[in-house]
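**Student:** Sequence plus predicted model, see below.
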Amino acid sequence: MPVKKEKKTRSFQLVKGMKDILPDDQKYWQYISQLAETLAVKYGFSRIDIPLVEDTQLFTRSVGQATDIVEKEMYSFIDKGGENISLRPEFTAGIARAYIEHGMINLPQPVKLYSIGPCFRYDKPQSGRYRQFHQLNFETIGDADPVTDAQIILIAYKINEMLNLPVIMQVNSVGCPQCRPDYELVLKDYFKKYRNKLSEVSQKRLLKNPLRILDSKEDLDQTIIEGAPQQVDHLCEECKNHFIKVLEYLDELEVPYALNPTIVRGLDYYTRTTFEVTTVEDAENGDKSRQIALGGGGRYDKLYESLGGRETPVVGFAAGIERLIGQIKEKDLKVPALPQAEIFLAQLGTEARRKALVLFEELYRAGFKVTEAFSKSGIKPQLEMADRLGAKLCLIVGQKEIIDGTVMIRDMDGGIQEVVDYKKIVPELRKRLEKMAVVRVAIEDKTV
RNA sequence: GUGGCUAUGGUGUAACGGUUAACACAGCGGGUUGUGGUCCCGCUAAUCUGGGUUCAAUUCCCAGUAGCCACCCCA
């Protein structure tokens, strides 16, 4: 009895963890990338664009075999030629490859590079996390001086500051291959004393990587962690001096930071400085689980060697664009609107339409942002459209205007209309738009 | 990878084990062919997929899938 309904043609939906960036959201993206570019230019960073795809081993060797990223989050596949390739989970490794491959060591050092673009991790999507996400990445390559660490942290901070996001930099030092093993022993000894009181995960980590226990979010572990010996107290002379200098520079620059011994980062390549960006609220409420990093980074002085390059000290950081936008939206911060059409060109009747087509081209050449709805014929739908598009002025060309050689200008805010000589239309529009711009600036000045 | 919650037009919601699945917004068209942001009318459009229970399932059950959230980790 129930007649099978005609199957509709199958429709498609987003692949898991993917996200469309719709027109309404573009203003955020444009704002952030403009801001990043501005910072990059001012601090002397050049843009580099590297491929989305690299040899899988580049990532396994750099990010670290035993990290989550490599163990379970990589988009790896064999291509038709049998190559094992992966979608980049981050920028650092690819930039290292490019630097080494193109002999950038012969450029004046340090080489400062920035990138912006999509990265991929096969994570389980949740709030603020996608499988395709976008990073903004800065790297200073070839300089071991702590001032470069401070500058990178400063830039990471400034991005948030310019967006009006209150953040605090959580900083730490994980030492170097000389002093870290010593610390790991001390730490292991400490945790062994509490072996039975630790959470299951941490007990496992005790064997594999005791450093990671510090990162634990289990309530059980918290008090034990608080009493744990800190890397900072077990740094070698060089690392200690380096760290102190970094902090001094940050003080000097008035970058708000907090020493946080639990910032160890999930990537293997870090040495010395590590840091993460968190919002002030998250830092204050102390609830570790709610902290979503807006960005993070640090120093990796051994990475380039491990990828076949010469010994090259590097500091860098990445910020998550989706997360920045998430914060902007959550806090309802203002973002400049994308440029809109300023003029709408309406036409009535076949002859007027022909005339309007030509007028549109003239206005285009004169540099105006004009929109139209040439396929519509009534005045009403056209004005409606003009309104919807937020045009400031509407030009109306009809039979009457053609005969008189004029154009009607309608001010969309006040509804006042004036008839202007067709030949004088360009200067007239220019004059009006300028006046409007002046008024707008004046209003903005008052409100600030 | 583990766990919790959810699944109805484009969006946000409603409803009932039983005829045409309701409402709002958006979209499109119109309100006698020259005036928008108000109003009025009309149209378009949905029960995630597959099983099961039942005379009957959009509703109850199971599975799958997807989404959200949390863990893990990170951006």
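**Tutor:** Received, thanks.
**Student:** Chain neighbours aside, what residue packs nearest to the residue nearest to the spatial centre of chain A?
**Tutor:** Centroid-nearest residue in chain A: A:Ile321, 2.5 Å away (criterion: C-alpha atoms, centre = their mean). The shortest distance from A:Ile321 to any non-neighbouring residue, by C-beta to C-beta, 6 or more residues apart in numbering, is to A:His134 (4.1 Å). The C-beta positions use only the backbone N, C-alpha and C, and glycine is treated the same way.
**Student:** thinking that neighbour is in contact with A:Pro118, fair?
**Tutor:** Yes: if you go by C-beta atoms under 8 Å, A:His134 and A:Pro118 touch, sitting 5.3 Å apart.
**Student:** With neighbour numbers in mind, choose between these two.
**Tutor:** More neighbours surround A:His134 than the other of A:His134 and A:Pro118, with 22 against 13 (other C-beta atoms under 10 Å).
**Student:** Which helix or strand contains the more buried one?
**Tutor:** Secondary structure assignment for A:His134, by DSSP states H and E: strand A:132-141.
**Student:** next helix or strand past that strand?
**Tutor:** Downstream of strand A:132-141, the next assigned helix or strand under DSSP H and E is helix A:146-162.
**Student:** Would the helix or strand that that following helix is followed by count as contacting RNA strand B?
**Tutor:** Scanning forward in sequence from helix A:146-162 by DSSP H and E, the next helix or strand is strand A:167-173. No: applying C-beta under 7 Å from any atom of the strand, one finds strand A:167-173 out of contact with RNA strand B, separated by at least 11.0 Å.
**Student:** in the next helix or strand after strand A:167-173, what counts as buried?
**Tutor:** Note on strand A:167-173: by DSSP H and E, the next helix or strand toward the C-terminus is helix A:180-192. Neighbour counts over helix A:180-192 (16 or more other C-beta atoms under 10 Å) mark A:Arg180, A:Tyr183, A:Glu184, A:Val186, A:Leu187, A:Tyr190, A:Phe191 as buried.
**Student:** Show the contacting residues for the residue nearest to the centre of chain A.
**Tutor:** Residues counted as contacts of A:Ile321 (C-beta atoms under 8 Å, 6 or more residues apart in numbering) are A:Trp29, A:Ile32, A:Ile116, A:Phe133, A:His134, A:Gln135, A:Leu136.
**Student:** Export those residues to CSV and append columns for pLDDT.
**Tutor:** Converted to CSV, those look like this (pLDDT from 0 to 100):
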residue, pLDDT
A:Trp29, 93
A:Ile32, 95
A:Ile116, 96
A:Phe133, 94
A:His134, 95
A:Gln135, 95
A:Leu136, 96
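**Student:** Which one of those is nearest to A:Asp268?
**Tutor:** For the contacts of A:Ile321, the residue nearest A:Asp268 by C-beta to C-beta is A:Gln135; the value is 18.6 Å.
**Student:** From A:Leu333, how far off is that closest one?
**Tutor:** Plainly put, A:Gln135 is 21 Å away from A:Leu333 if you go by C-beta to C-beta, to the nearest Å.
**Student:** by contact count, what packs against the helix or strand where A:Val277 lies?
**Tutor:** Element membership for A:Val277 (DSSP H and E) is strand A:271-279. Counting contacts by 3 or more C-beta pairs under 8 Å, 6 or more residues apart in numbering; DSSP states H and E, strand A:271-279 is packed against helix A:146-162, strand A:167-173, helix A:237-253, strand A:295-299, strand A:314-320.
**Student:** hmm, 10 Å instead?
**Tutor:** If you count contacts as 3 or more C-beta pairs under 10 Å, 6 or more residues apart in numbering; DSSP states H and E, strand A:271-279 packs onto helix A:146-162, strand A:167-173, helix A:237-253, strand A:257-259, strand A:295-299, strand A:314-320, helix A:321-330.
**Student:** So for the residue nearest to the centre of chain A, what's the pLDDT?
**Tutor:** In this model, A:Ile321 is scored at 95, pLDDT.
**Student:** Roughly how far does it sit from A:Ile116?
**Tutor:** 8 Å.
**Student:** Now for those two: what residues contact both?
**Tutor:** By C-beta atoms under 10 Å, 6 or more residues apart in numbering, A:Ile321 and A:Ile116 have these common neighbours: A:Trp29, A:Ile32, A:Ser33, A:Ala36, A:His134, A:Gln135, A:Leu136.
**Student:** Take these and, keeping just the buried ones, write it as a PyMOL select command.
**Tutor:** Buried members of these, defined by 16+ other C-beta under 10 Å, are picked up in PyMOL with:
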select buried, chain A and resi 29+32+36+134+135+136
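**Student:** quick one: which of the shared contacts of A:Ile321 and A:Ile116 is nearest to RNA strand B?
**Tutor:** A:Gln135 (5.4 Å; C-beta to the nearest atom of the strand).
**Student:** and the closest residue to A:Val314 other than its chain neighbours, how many neighbours?
**Tutor:** The shortest distance from A:Val314 to any non-neighbouring residue, by C-beta to C-beta, 6+ apart, is to A:Ile141 (4.9 Å). Neighbour count of A:Ile141, defined by other C-beta under 10 Å: 23.
**Student:** got any ranges where the stretch 201-350 of chain A has weak pLDDT?
**Tutor:** Within the stretch 201-350 of chain A, the stretches with pLDDT under 70 are A:201, A:204, A:208, A:215-220, A:266, A:282-291.
**Student:** Let me see the contact set for the residue nearest to A:Ile321.
**Tutor:** A:His134 is in contact with A:19, A:21, A:29, A:32-33, A:116-119, A:318-325, counting by C-beta under 10 Å, 6+ apart.
**Student:** And it, how far from A:Trp29?
**Tutor:** Going from A:His134 to A:Trp29 by C-beta to C-beta gives 8 Å.
**Student:** again, but for A:Ala341
**Tutor:** A:Ala341 is 20 Å from A:Trp29, by C-beta to C-beta.
**Student:** And A:Asn106, by the same measure?
**Tutor:** Relative to A:Trp29, A:Asn106 is positioned 35 Å away (C-beta to C-beta).
**Student:** Then A:Leu58?
**Tutor:** In this view, A:Leu58 and A:Trp29 are 28 Å apart by C-beta to C-beta.
**Student:** and what of A:Pro229?
**Tutor:** Taking C-beta to C-beta, one finds A:Pro229 at 44 Å from A:Trp29.
**Student:** same thing with A:Leu267?
**Tutor:** Taking C-beta to C-beta, one finds A:Leu267 at 26 Å from A:Trp29.
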